[in-house]
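Undergrad: This is a predicted model, with the sequence first.
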Amino acid sequence: MHLDVLDLRNFYYRSALGRSAQHVIRSELTELWPEAKGQTVAGYGFAVPMLRPYLPDARRVIGLMPGPQGVMPWPPQLPNVSVLCEETNWPISTGQIDKLVVMHGLETSENPSALLDECWRVLGPGGRVIFIVPNRAGLWSRSDNTPFGYGRPYSMSQLEAQLRRHQFVTERSVSALYQPPSHKRIWRKFTAFMERVGHNLPVVKAGGVLIVEASKQSVAPISGLRETVKRPLKALEGMAAPVPGTAGARGVPRTKNDT
């Protein structure tokens, strides 16, 4: 079940906890992807808060928002790049996306398998995707104070296994949001410290979200040799079949009695 776009907007843009979460996740994203100059960047779900760093230099930025969630114009005071779309049928040609960010899309999808297939379809050769999902072992997936408390949380092994089934190769993974999912102001003072300490902890035990970068795995084309073996050249076509006992048949030595 997708959350309403207004609830997501209010969390990320109008609450201190949401703005802090936005800053932390976006910092991790830009660490993995420092730039996207001349590339086409897309976000699915409610990923637009993560896309702002790529607006100046990317060839194109697209914010895809699923119908059950709803859509809002983004970015503010700039030409709109967000579009309402069907969950598993995006208005993007095959192989057109260089970088894709999925946040609040996979864990809330009613058909995650078809959604992953659509992610794979739109990525071009060498394309990369980052999935940002709630960590099953983290505190954020257990709290209704944030959007990460809704949908299906993942463990790292569960997410990687699901990606493999859909021809994605995991490249890098990190965890983030080590601060408690609390709206109390006191926790904002320790956010930077907790994030630094959290990175030294096992990824499956502390972070509120998992951030996984994956690449599109393409099936190698069938070689020409394999195709030739499937259709062997019939070099002996047109030659008469040897008659058993016939003298002089190729490969049968002649004897004195044959002369």
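TA: Looks like it came in fine. Numbers count the residues shown, from 1 in each chain.
Undergrad: secondary structure class for Tyr12?
TA: helix (DSSP: H, G, I helix; E, B strand; the rest coil).
Undergrad: Could you shift the numbering so residue one becomes 343, and keep it that way?
TA: Shifting the count to begin at 343 puts that one at Tyr354.
Undergrad: so it touches Gly360, yeah?
TA: Yes: assessed by C-beta atoms under 8 Å, Tyr354 is found in contact with Gly360 at 4.3 Å. The C-beta positions use only the backbone N, C-alpha and C, and glycine is treated the same way.
Undergrad: pretty sure Thr488 contacts Trp482?
TA: Yes: counting by C-beta under 8 Å, Thr488 does reach Trp482; the two are 5.6 Å apart.
Undergrad: Give me the common contacts of these two.
TA: 523, 550 (C-beta atoms under 8 Å, 6 or more residues apart in numbering).
Undergrad: Tell me where the model's unsure across the chain.
TA: Counting by pLDDT under 70, the low-confidence segments of the chain come to 529-532, 535, 543-547, 561-601.
Undergrad: residue boundaries of the helices in it?
TA: Taking DSSP state H as the criterion, the chain carries its helices at 347-356, 358-374, 390-393, 454-464, 498-507, 533-540, 566-572.
Undergrad: ok, now which ones touch the residue lying closest to Leu458 once chain neighbours are set aside?
TA: Of all residues not flanking Leu458 in the chain, His508 sits nearest, at 4.0 Å (C-beta to C-beta, 6 or more residues apart in numbering). Contact analysis of His508 by C-beta under 8 Å, 6+ apart lists 455, 458-459, 461-462.
Undergrad: Scan those and report the most crowded one.
TA: Cys461 (26 neighbours; other C-beta atoms under 10 Å).
Undergrad: That one and Val444 touch, don't they?
TA: Yes: between Cys461 and Val444 there is a contact under C-beta under 8 Å: 6.6 Å.
Undergrad: Is Glu449 in contact with Gly493, as I believe?
TA: Yes: contact criterion C-beta under 8 Å: Glu449 and Gly493 qualify, at 3.5 Å.
Undergrad: Overlap in contacts, those two.
TA: Pro476.
Undergrad: more neighbours, these two?
TA: Comparing Glu449 with Gly493 by other C-beta under 10 Å, the one with more neighbours is Glu449, at 23 against 20.
Undergrad: Report the buried residues of the biggest strand by length in the chain.
TA: Looking across the chain with DSSP state E, the single longest strand is strand 465-476. Buried positions in strand 465-476, judged by neighbour count with 16 or more other C-beta atoms under 10 Å: 465-466, 469-476.
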